[in-house]
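Engineer: Pasting a predicted model and its sequence here:
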Amino acid sequence: MGNRDSQRAPRQKAGSGHGRDRGPRAGVRPEHEPTADDTTGDETIAAEAPARKNVPSGGRERAVLVAVVIGKAARTAVESHLDELAQLVDTAGGEAVARMVQERKSPDSTFFIGKGKVDELAALARQNGAKLVVFDDDLSPSQARHLDEALPEDVKVLDRAGVILDIFALRARTREAQIQVELAQLTYQMSRLTRRWAHLSRQAGGIGTRGVGETQLESDRRVIRRRIAALRERLDVVEREREVQRKRRAWLPAVALVGYTNAGKSTLFERLTGTSTLVEDRLFATLDPRTRRAEVGDNVAVAVADTVGFIRKLPHHLVASFRATLAEATLAQVVVHLVDASHPDWPEQLKVGEEVLTSLGVEPKSCIVVLNKADRLGGVLPPAPVDRNVVVISALTGEGLERLRLELRAAVLSQPGMETLRFPADGGEDLQRALRDEDVVARRFTQDGIELVVRRR
């Protein structure tokens, strides 16, 4: 880069994540008002944690998106990934105003896009008034640092993982979700802390600076490790609490809804359980786990659990941090893998979801694959994946839901340990003993008497 203007204000000290605080911004975020669920039983964590803030109200941050086409990768696939990255930036409160796509044999070890392209990127950011540059791939700490130093001082550098973490910090509402997000952020930032600080000082708002990123963290790694250790201990408590909750509803077979973000899990959750929840056409519209009772027909009841959505290039440390939430999928008797069949890249999204499920120890072939949003297909059904139990539905209109309930009921009743007990109409002691000692999944009244579907452990 050429010589910088000698009259330019000096740089601010390095902040957390990829970006740094480059001076004051217009618009101050109001302080987060914790709910009872945020703080109850968490006094130690609350004393150590920085205050959380909301999205800045002073306009949306303008961002330039950057991607690299490696080798013989398809340009159309890269553009599709950038479309998704633009959605992520929009969800985080920003606006994608320009793109840069470069073809290379391999990423540059110093600047990712090569030193020559950095000047073009800086010019593109100035031309579009962008104060944020977002890379679609993960940047190494050294690449992020070199880019940060080479670009104009008021331009922040983030990668896809940083934006996803920022959205999670924005969406987290319960104490459990906030702990998991902060743990993921600290793990992500651990290798990016390069300077030493003796105090915690407030940092300006914007994408990439929420939650943990809102403060200048003490870069002493021992302090960060202690914080991570405290959060992991708190997560262990959360997992034990969840285990107690599971035992309370152990008599109900568990059904977990998993799938790519924005596939329609929240809408389907509403349809199956009859409860109201947040439904938005945005990535990661809901983050906190929920479990509710649902009837799937023939008096068979199940416990339906919603889980956090999957996405391409999901940071592995985020999956590790959300193990308490994703455990619902690993422990469920039936897993419903929801896919947005109207999306042009739905086969790839299905593949991404199955890769995450495999990493969690869930066999993808044992899942019920639900191709959602049939109302957007114009009557043209998508090709069914090979070797999968597939159901096509529209969670919005209700199309195909009876078929899904039938498949859920069949999957539940075919689980090991399920048994149907028959009793005369007057019941008697045998019926009372069964009701007292067995996990009753369904109770039916027939012409010949009473039937109980029980689950033996």
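Structural biologist: Looks like it came in fine.

Engineer: so where is the stretch 151-300 of the chain shaky, pLDDT-wise?
Structural biologist: Residues of the stretch 151-300 of the chain meeting the criterion pLDDT under 70: 191-206, 208-220, 246-251, 277-289.

Engineer: can you give me the helices for it?
Structural biologist: With DSSP state H, counting those that start in this stretch as the criterion, the stretch 151-300 of the chain has helices at 160-171, 175-189, 221-248, 265-273.

Engineer: Just the CA trace of the shortest one, in CSV.
Structural biologist: The C-alpha trace of helix 265-273 is given here as CSV (Å, rounded to 0.1, in the frame of the first residue of the first chain):
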residue,chain,number,x,y,z
LYS,A,265,-38.4,-25.9,11.3
SER,A,266,-40.2,-23.3,13.4
THR,A,267,-43.3,-23.4,11.2
LEU,A,268,-43.4,-27.2,11.3
PHE,A,269,-42.9,-27.1,15.1
GLU,A,270,-45.9,-24.9,15.4
ARG,A,271,-48.0,-27.2,13.2
LEU,A,272,-47.1,-30.3,15.1
THR,A,273,-47.3,-28.9,18.6
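
Engineer: just checking, what packs against it?
Structural biologist: When contacts are defined as 3 or more CB pairs under 8 Å, 6 or more residues apart in numbering; DSSP states H and E, helix 265-273 packs onto strand 254-259, strand 290-295, strand 301-306, strand 334-340, helix 401-413. C-beta coordinates here come from the backbone N, C-alpha and C atoms, glycine included.

Engineer: Mind putting the helices of the stretch 151-300 of the chain into a markdown table with distance to Val352 and mean neighbour count?
Structural biologist: Output for the helices of the stretch 151-300 of the chain, formatted as a markdown table (distance: least, CB to CB, whole Å; neighbours: other CB atoms under 10 Å):
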| stretch | distance to Val352 | mean neighbour count |
| --- | --- | --- |
| helix 160-171 | 13 | 25 |
| helix 175-189 | 18 | 24 |
| helix 221-248 | 25 | 14 |
| helix 265-273 | 15 | 21 |
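
Engineer: Stretch 404-416: which residues count as buried?
Structural biologist: Residues of stretch 404-416 classed as buried by neighbour count (16 or more other CB atoms under 10 Å): Leu404, Arg405, Glu407, Leu408, Arg409, Ala411, Val412, Leu413.

Engineer: What is the helix or strand harbouring Glu149 packed up against?
Structural biologist: Element membership of Glu149, judged by DSSP states H and E, is helix 141-150. Judged by 3+ CB pairs under 8 Å, 6+ apart, the packing partners of helix 141-150 are helix 115-127, strand 156-159.

Engineer: follow-up on the earlier one: for the helices and strands packed on helix 265-273, give me TSV that also has distance to Leu431.
Structural biologist: Output for the helices and strands packed on helix 265-273, formatted as TSV (distance: least, CB to CB, whole Å):
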stretch	distance to Leu431
strand 254-259	26
strand 290-295	22
strand 301-306	19
strand 334-340	28
helix 401-413	20
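
Engineer: Just the C-alphas of stretch 385-404, formatted as PDB.
Structural biologist: In PDB, the C-alpha atoms belonging to stretch 385-404 read as follows (Å, rounded to 0.1, in the frame of the first residue of the first chain):
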ATOM      1  CA  PRO A 385     -33.100 -38.900  -2.300                       C
ATOM      2  CA  VAL A 386     -32.000 -42.500  -2.800                       C
ATOM      3  CA  ASP A 387     -32.200 -44.800   0.300                       C
ATOM      4  CA  ARG A 388     -34.200 -42.300   2.400                       C
ATOM      5  CA  ASN A 389     -37.700 -42.300   3.800                       C
ATOM      6  CA  VAL A 390     -39.000 -39.100   2.100                       C
ATOM      7  CA  VAL A 391     -42.100 -37.000   2.800                       C
ATOM      8  CA  VAL A 392     -43.000 -33.900   0.800                       C
ATOM      9  CA  ILE A 393     -45.000 -31.300   2.800                       C
ATOM     10  CA  SER A 394     -45.800 -27.600   3.100                       C
ATOM     11  CA  ALA A 395     -45.600 -26.600   6.800                       C
ATOM     12  CA  LEU A 396     -47.100 -23.300   5.800                       C
ATOM     13  CA  THR A 397     -50.300 -24.600   4.200                       C
ATOM     14  CA  GLY A 398     -50.500 -28.000   6.000                       C
ATOM     15  CA  GLU A 399     -50.100 -30.000   2.800                       C
ATOM     16  CA  GLY A 400     -48.600 -33.500   3.500                       C
ATOM     17  CA  LEU A 401     -48.800 -33.200   7.300                       C
ATOM     18  CA  GLU A 402     -51.100 -36.200   7.700                       C
ATOM     19  CA  ARG A 403     -48.600 -38.300   5.800                       C
ATOM     20  CA  LEU A 404     -45.800 -37.000   8.000                       C
END
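
Engineer: which stretch among the helices and strands packed on helix 265-273 comes nearest Glu241?
Structural biologist: For the helices and strands packed on helix 265-273, proximity to Glu241 was assessed by CB to CB; strand 290-295 is nearest, at 12.8 Å.

Engineer: neighbouring strands for the closest one, and are they parallel or not?
Structural biologist: Strand 290-295 pairs in its sheet with strand 301-306 (antiparallel), by DSSP bridges.

Engineer: can you list contacts of the strand it pairs with?
Structural biologist: 249, 252-257, 265-266, 269, 272-273, 277, 286, 289-296, 328-329, 332, 334, 408, 412, 441-442 (CB atoms under 8 Å, 6 or more residues apart in numbering).

Engineer: I'd assumed Val390 was in contact with Arg403.
Structural biologist: No. Assessed by CB atoms under 8 Å, Arg403 is found out of contact with Val390, at 10.4 Å.

Engineer: that older thread, specify the stretch among the helices and strands packed on helix 265-273 that is closest to Gly116.
Structural biologist: Going by CB to CB, the one of these nearest Gly116 is strand 334-340, 38.8 Å.

Engineer: Show me what that closest one is in contact with.
Structural biologist: Under CB under 8 Å, 6+ apart, the answer for strand 334-340 is 253-260, 262-265, 268, 302, 329, 346, 349-350, 353-354, 357, 362, 364, 366-373, 404, 408, 411-412, 415.

Engineer: Just the CA atoms of that strand, as CSV, please.
Structural biologist: Written as CSV, here are the backbone C-alpha positions of strand 334-340 (Å, rounded to 0.1, in the frame of the first residue of the first chain):
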residue,chain,number,x,y,z
VAL,A,334,-36.9,-40.3,15.6
VAL,A,335,-35.0,-37.6,13.7
VAL,A,336,-36.8,-35.5,11.1
HIS,A,337,-34.4,-33.9,8.7
LEU,A,338,-36.1,-30.9,7.2
VAL,A,339,-35.0,-29.5,3.8
ASP,A,340,-36.2,-26.4,1.9
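
Engineer: Could you check how far Gly116 is from Ala434?
Structural biologist: Per CB to CB, to the nearest Å, Gly116 is found 77 Å from Ala434.

Engineer: quick one, which of those two is more surrounded?
Structural biologist: Ala434 (16 against 10; other CB atoms under 10 Å).

Engineer: Surely the more buried one touches Phe423?
Structural biologist: Yes. At 7.5 Å, Ala434 counts as touching Phe423 under the criterion of CB under 8 Å.
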